[in-house]
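Undergrad: One predicted model, sequence on top.
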Amino acid sequence: EEIVMEQATELAAQPVVEVDGSSQNRLLIKNGKVVNADGIEDADVFIENGVITQLGRNLIIPGGTRTIDARGRYVMPGGIDTHTHMELELMGATAVDDFYQGTKAAIAGGTTMIMDFVLPRKGESLVEAFGNWRRKADPKVCCDYALHVGVTWWSDQVKQEMTELAKNHGVNSFKMFMAYKDLYMIRDPDLYKIFEHCKELGAIAQVHAENGDIIAENTKKLLEAGITGPEGHEMSRPEDVEAEATHRACVIANQVSCPLYVVHIMSKMAADVIALKRSQGAVVYGEPIAASLGSDGTNYHHTCWRHAASHVLSPPLRPDPETPDYLVQMLADDGLQVTGSDNCTFNFDQKKLGRNDFSKIPNGVNGVEDRMSVIWEKGVQSGKMDPSRFVAVTSTNAAKIFNVYPQKGCVAVGSDADLVIWNPIKSRVISAQTHHQAVDFNIFEGMECHGVPEYVIVNGRVCVDEEELKAVHGFGKFVPTPAFPPYVYDQVDAREKEKRPQGVTRGPNDEDYSPEHMNG
Ligand SMILES: C[C@@H](CNC(N)=O)C(=O)O
Ligand SMILES: [Zn+2]
Ligand SMILES: [Zn+2]
């Protein structure tokens, strides 16, 4: 009798054991504060087979479940980096962070999805380029990813291929460059037609907003004047060259009711344009990046050539040191909505291609690993935004705009188990000596950031475990982004109805002028 009782007591202490006893990679995250864009709640999260299947208290937990105690931590949706360029071939160099190491570093920093860019050469098939990017990324990515496609030239073929990509390949965003003359640049008449087509496809039009003609002329003059250092890069494209193109893109997109997403907002002036247009009812989104939120253009005046050149990207960082805080405040107040990193990294030996001519320095900086910590430090730690707004701008808004919500971008039953367990009081010092990126320089070197990802869960797999990185090569997959995101196109449709042009109806026997206007 005694033995039976003992067994019974023992069994009672055990949670119910599955018939087969195997743990279907079950995970329970207990005692955390779950943060979504719409609020914070004390809740436990239960994950099974890569999906969140229970959320709340007193959950029924089957046997074989691993439990993580998230007491004192936030449990947030994994970050979505809307803007990366892994292993991009640009200006004679190939970005050193490839789809493996780049996504490994993303996970290390709390990001669980990236959105990269297919950038066809002028004249190249967009669909073929898309296939090439898929072949590069699919075998390597450690987390899920999506793809934007660059429209670097315009023709009936390009128009038809955009349609094919939107309808058959899960692409709902196209990026047009108003700069990079001769490489990627698209001019206004074609921009108008491309925006029109994006609207027909239910896609998001993205722009790199700088005036490429002004940049070309300024670059010539600066080099002739003997200014060849990295400081010349920013001088060739001051912030009103970015703001002008930002405004022009908003005007053209608005004329054809096309939703617009301006990537890498780098300046106060460009941010102000976005906020103004939004206040006038335009469907436009602004995306500052880790670099513009956490660094500035005073670095171009560093006497060390390598330091200055390592900060070269386009649009450039701005010399006004108040720019980062200004952009963070705009992000907090919904003047700006989404954040990416524009991670496009080149080592010193590659940056040296522009040693005697700043216009030949491969453009791009790091950010994919540090984006979340930089925004937590500059945004939440500084008191400008609360954790829910942090989640909105690092994950949820991107998921809604690109139509992968609620699969991504929230902690909810049925959502993918892409989560980060975030220690808000712990801090870390950013350094190229310790980062997981391939690049040999970090533009945030020495920056202390509060907010450390202690666990990062990627589709249910613990890929950062008590701060130890355990990313898995090829574990990620391509995520289609479907056309006509309701979050965007419900507003587009409402705006279009409201501003539909109405002609004037005159009498059947219209006169050239009415009697009271006899005198013309
Ligand atoms: C080419 C690509 C990355 N490089 C950069 N932003 O300087 C971009 O313009 O977004
Ligand atoms: Zn760009
Ligand atoms: Zn970019």
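TA: Nice, thanks for sending it over. In this text the structure is predicted, and so the values were computed from the model without any measurement. Numbering: from 1, shown residues only. Ligands and ions are numbered 1, 2, ... in the order given.

Undergrad: Not counting residues beside it along the chain, what's closest to the residue nearest the centre of the chain?
TA: For the chain, the residue lying nearest the average C-alpha position, counting by C-alpha atoms, centre = their mean, turns out to be Thr82 (1.8 Å). Nearest residue to Thr82 in three dimensions, chain neighbours excluded: Gly340, at 4.0 Å (C-beta to C-beta, 6 or more residues apart in numbering). The C-beta positions use only the backbone N, C-alpha and C, and glycine is treated the same way.

Undergrad: Tell me which residue of the stretch 51-200 of the chain lies closest to ligand 1.
TA: Per C-beta to the nearest ligand atom, His85 is where the stretch 51-200 of the chain lies closest to ligand 1, at 5.1 Å.

Undergrad: That should have said the stretch 201-350 of the chain, apologies.
TA: With C-beta to the nearest ligand atom as the measure, the residue in the stretch 201-350 of the chain that lies nearest ligand 1 is Leu313; the distance is 3.5 Å.

Undergrad: What is the burial count for that residue?
TA: For Leu313, the tally of surrounding residues (other C-beta atoms under 10 Å) stands at 24.

Undergrad: shouldn't it be in contact with Ala291?
TA: Yes. Here Leu313 reaches Ala291: they are 6.5 Å apart, a contact under C-beta atoms under 8 Å.

Undergrad: Please identify every residue contacting each of those two.
TA: Listed contacts common to Leu313 and Ala291 are Asp342, Val365; contacts here mean C-beta atoms under 8 Å, 6 or more residues apart in numbering.

Undergrad: quick revisit: count the residues that sit near the residue nearest to Thr82.
TA: Each residue near Gly340 was counted by other C-beta under 10 Å, and the total is 26.

Undergrad: shouldn't it be in contact with Ile375?
TA: No. Using C-beta under 8 Å, Gly340 is not in contact with Ile375; the gap is 11.0 Å.

Undergrad: Find residues that contact each of the two.
TA: Residues touching both Gly340 and Ile375 (C-beta under 8 Å, 6+ apart): Ala290.

Undergrad: Is my assumption valid that His264 occupies a position in a strand?
TA: Yes. Using DSSP: H, G, I helix; E, B strand; the rest coil, the secondary structure at His264 is a strand.

Undergrad: Can you give me every residue that contacts it?
TA: Contacts of His264 (C-beta under 8 Å, 6+ apart): His83, His208, Glu287, Pro288, Ile289, Ser292, Leu313, Pro315, Gly340, Asp342.

Undergrad: so the fourth one is in which element?
TA: When secondary structure is defined using DSSP states H and E, the element that contains Pro288 is strand 284-288.

Undergrad: Mind listing residues that contact the helix or strand following that strand?
TA: Towards the C-terminus, the helix or strand next in line after strand 284-288, according to DSSP H and E, is helix 290-294. Identification of contacts with helix 290-294 by C-beta under 8 Å, 6+ apart yields 264-267, 311, 313, 317-318, 323-324, 327-328, 331, 339-342, 365, 367, 370-371, 374-375, 377-379, 443-444, 447.

Undergrad: let's see it at 7 Å
TA: Residues outside helix 290-294 that contact it (C-beta atoms under 7 Å, 6 or more residues apart in numbering) are 264-266, 313, 317, 323-324, 327-328, 339, 341-342, 365, 367, 370-371, 374-375, 378, 443-444, 447.

Undergrad: same thing with stretch 244-258?
TA: 178, 188, 191-192, 195-196, 198-199, 205, 207, 209-211, 260, 262, 270, 273-274, 277, 282, 284, 492, 495-496.

Undergrad: and it with ligand 1, contact?
TA: No. Contact of stretch 244-258 with ligand 1 (C-beta under 6 Å from any ligand atom) is absent, the minimum separation being 12.5 Å.

Undergrad: List, one by one, the residues from this structure near ligand 1.
TA: In this structure, the chain approaches ligand 1 at residues His85, Leu90, His208, His264, Leu313, Ser314, Asp342, Cys344, Asn363, Gly364, judged by C-beta under 6 Å from any ligand atom.

Undergrad: Among these, which ones are in strands?
TA: Counting by DSSP state E, those place Leu90, His208, His264 in strands.

Undergrad: Can you give me the pLDDT of Glu498?
TA: pLDDT recorded at Glu498 is 87.

Undergrad: just Cys250 next, same as before
TA: For Cys250, the model assigns a pLDDT of 98.

Undergrad: what kind of secondary structure is it in?
TA: Under three-state DSSP, the three-state class of Cys250 is helix.

Undergrad: Check the gap between it and Thr94 for me.
TA: Cys250 sits at a distance of 34 Å from Thr94 (criterion: C-beta to C-beta, to the nearest Å).

Undergrad: ok so, going back, closest to Val413 out of the contacts of His264?
TA: Of all the contacts of His264, the one sitting nearest Val413 is Gly340; the distance, using C-beta to C-beta, is 28.2 Å.

Undergrad: close enough to count as contact, the closest one and His83?
TA: Yes. In this structure Gly340 lies within contact range of His83 using C-beta atoms under 7 Å: 2.8 Å.

Undergrad: Show me whatever sits in contact with both of these two.
TA: Shared contacts of Gly340 and His83, counting by C-beta under 7 Å, 6+ apart, come down to Glu287, Ile289.

Undergrad: Point out where the chain drops to low pLDDT.
TA: 1-24, 510-511, 518, 520 (pLDDT under 70).

Undergrad: Show the end-to-end separation of stretch 479-494, please.
TA: In stretch 479-494, first residue to last residue: 28 Å (C-alpha to C-alpha, to the nearest Å).
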